[in-house]
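Got a sequence here, can you build the structure:
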Amino acid sequence: MGTAARVVILPKDTATLRVEDLSLPDPAPTQVVVKQFASGICHSQLHQMHRPRKHPIILGHEATGVVSKAGSKVTHVKEGDIVLLTWVPRNAAAAEELPVRSTLEVSDGIAQSENVFTWADNTIADQQYVVKVDPNIKKDVTAIIGCAVMTGAGAVINTANVQPGQSVAIFGVGGVGISAVVGARMAGANPIIAVDLDDSKLEFAVQFGATHTINATQEDPIAAIHALTGVNEKFTFLRTQVSGVDFAFDCIGVRQTMEQIVPACKTGQFGVAKGGLGVLVGVPSTAVELNAIDMLLNEKGFIGSFGGSCAPDRDFPRFLEWEERGELNLDAMITQRFTIDQINEATSALAAGEINGRAILEF
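Alright, predicted model coming up:
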């Protein structure tokens, strides 16, 4: 017997979303049906909405919920368990087969997901995208751990492995960028420099641990970062003062910021120390040009961070512990809440830059 669900659908030929009443099928052997409490609203869905497509799409990839049905081969969760949903396998190293992405039969065809869909009051997903958690967690704000927190904080603690006292700049302090700020603070980074175009977002970043802010509409962020981080007694191969951050994170993915993070990085000290590392966290929408001479002479690097290099089974308990201790203030990070029927209003607000932190859908 199927499960009644209200699901957000992105049609094939328009970016206007609709909510459709459907019946989810019973789970296949490796699938789980989850009744959801809340889902994050992520910029990645905006990318999906504005890309050409050949079929309808079902959206969303971070949520909290409770298992209502489990397939015959599902072993790590059962009916009644509280879970987080995410778009990366919970333990890829231990997986014996590839997870199956969700699809649904909708009114205008077969709708596909990018692994999971969480803009729905009930969802069905492969067990590898479902992480069992403590039943006493907050059921609403923890929804954003499955993407925003994982991607931002994970880029800092996993991909870059930032150490105490190292310097960090974070370009773009939306939901992912704020999570990177928290990750940098938890890693003991100093300074933590937030870069954005919006003063209200920069002020918001200070609440979560940014020690300095730069409004890139008012000053050159690269010059400002180097002015903040110069080391008088250290010099490069070209006899210029060593300056810049150990790690610069681009949490936006537009061409301008992708091309700013490597120049913002620390210049190398020949024979003594390598230069800094630019880390691409945001989903890129264009090609990028890097200054190869700068990277060569200063031994700088540029690397991608996909989903914060996270293994959810390992990392989600750590993030939930931060939340429980008050070090990851998800209540403050969630600044707007919407119902499923307000989904077009929610995505419009996100596209217009009107949401500080993160927004969620509540079911």
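
how about the strands in the stretch 201-350 of the chain?
Counting by DSSP state E, counting those that start in this stretch, the stretch 201-350 of the chain has strands at residues 212-215, 231-235, 241-242, 247-250, 277-280, 301-304, 334-338.

what would those strands look like in JSON lines with mean neighbour count?
C-beta here means a position set from N, CA and C on the backbone, and glycine is covered the same way. As requested, the strands of the stretch 201-350 of the chain are arranged in JSON lines below (neighbours: other Cβ atoms under 10 Å):
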{"stretch": "strand 212-215", "mean neighbour count": "19"}
{"stretch": "strand 231-235", "mean neighbour count": "11"}
{"stretch": "strand 241-242", "mean neighbour count": "18"}
{"stretch": "strand 247-250", "mean neighbour count": "32"}
{"stretch": "strand 277-280", "mean neighbour count": "25"}
{"stretch": "strand 301-304", "mean neighbour count": "14"}
{"stretch": "strand 334-338", "mean neighbour count": "18"}
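
Nearest to residue 264 among those would be which one?
Among those, strand 247-250 comes nearest to residue 264, with 4.4 Å by Cβ to Cβ.

now what about the closest one, what contacts it?
Strand 247-250 is contacted by residues 155-156, 160, 162, 166-172, 177, 180, 189, 225, 257-258, 260-262, 264-265, 276-282, 305 when judged by Cβ atoms under 8 Å, 6 or more residues apart in numbering.

Select from these every entry located in helices.
177, 180, 225, 257, 258, 260, 261, 262, 264 (DSSP state H).

Without its sequence neighbours, what residue ends up closest to the third one?
Same thing as residue 225. Leaving aside its sequence neighbours, residue 225 sits nearest to residue 264 (Cβ to Cβ, 6 or more residues apart in numbering; 4.7 Å).

Check the first one too.
Counting by Cβ to Cβ, 6+ apart, residue 251 is the residue found nearest to residue 177 once chain neighbours are left out, at 3.9 Å.

Look at the one you found and say how many residues are nearby.
The number of residues packed near residue 251 is 30, by other Cβ atoms under 10 Å.

From residue 116, how far off is it?
Residue 251 is 22 Å from residue 116, where distance means Cβ to Cβ, to the nearest Å.

now swap in residue 176 and tell me
Noted for residue 176: a distance of 18 Å to residue 116, by Cβ to Cβ.

okay, those two: which has more neighbours?
residue 176 (32 against 27).

need the contact list for that one.
43, 147, 148, 151, 152, 251, 281, 282.

what about the third one, distance to residue 58?
The one in question is residue 148. Separation of residue 148 from residue 58 (Cβ to Cβ): 20 Å.

Look at the two and report which has more neighbours.
Between residue 148 and residue 58, residue 148 has the larger neighbour count (other Cβ under 10 Å), namely 30 against 26.

check contacts around the more buried one.
Applying Cβ under 8 Å, 6+ apart, the residues near residue 148 are 40, 42, 62, 175, 176, 178, 179, 333, 358.

Please check the residues you listed and keep the buried ones.
40, 42, 62, 175, 176, 178, 179, 333, 358 (16 or more other Cβ atoms under 10 Å).

Which residue comes closest to the fifth one once chain neighbours are left out?
Spelled out, it's residue 176. Spatial nearest neighbour of residue 176, chain neighbours left out: residue 152 (4.1 Å); criterion: Cβ to Cβ, 6+ apart.

Start and end of stretch 288-303, how far apart?
13 Å (Cα to Cα, to the nearest Å).

Just the buried positions in stretch 277-292, please.
For stretch 277-292, using 16+ other Cβ under 10 Å, the buried residues are 277, 278, 279, 280, 281, 282, 283, 284, 288.

make that stretch 181-198, sorry
Using 16+ other Cβ under 10 Å as the test for burial, stretch 181-198 gives 181-187, 189, 191-196, 198.

Mind checking which of those are in helices?
Filtering these for helices - DSSP H - leaves 181, 182, 183, 184, 185, 186, 187.

Could you list every helix and strand in contact with the lowest-mean-pLDDT helix or strand in the chain?
Across the helices and strands of the chain, mean confidence by mean pLDDT, DSSP states H and E is lowest for strand 231-235: a mean of 82. When contacts are defined as 3 or more Cβ pairs under 8 Å, 6 or more residues apart in numbering; DSSP states H and E, strand 231-235 sits against strand 241-242.

Show me what the strand it packs on is packed against.
Checking 3+ Cβ pairs under 8 Å, 6+ apart, strand 241-242 ends up next to strand 231-235.

Kindly recompute the last result at 10 Å.
Counting by 3 or more Cβ pairs under 10 Å, 6 or more residues apart in numbering; DSSP states H and E, the packing neighbours recorded for strand 241-242 are helix 221-229, strand 231-235.

What residues does the nearest residue to residue 288 once chain neighbours are set aside make contact with?
Sequence neighbours aside, residue 258 is the residue nearest to residue 288 in space, at 4.4 Å (criterion: Cβ to Cβ, 6+ apart). Neighbour list for residue 258: 171, 250, 252, 278, 280, 282, 284-290, 302 [criterion: Cβ atoms under 10 Å, 6 or more residues apart in numbering].

if we take those residues, which one ends up nearest to residue 215?
Nearest to residue 215 among the contacts of residue 258, counting by Cβ to Cβ, is residue 171 at 12.1 Å.
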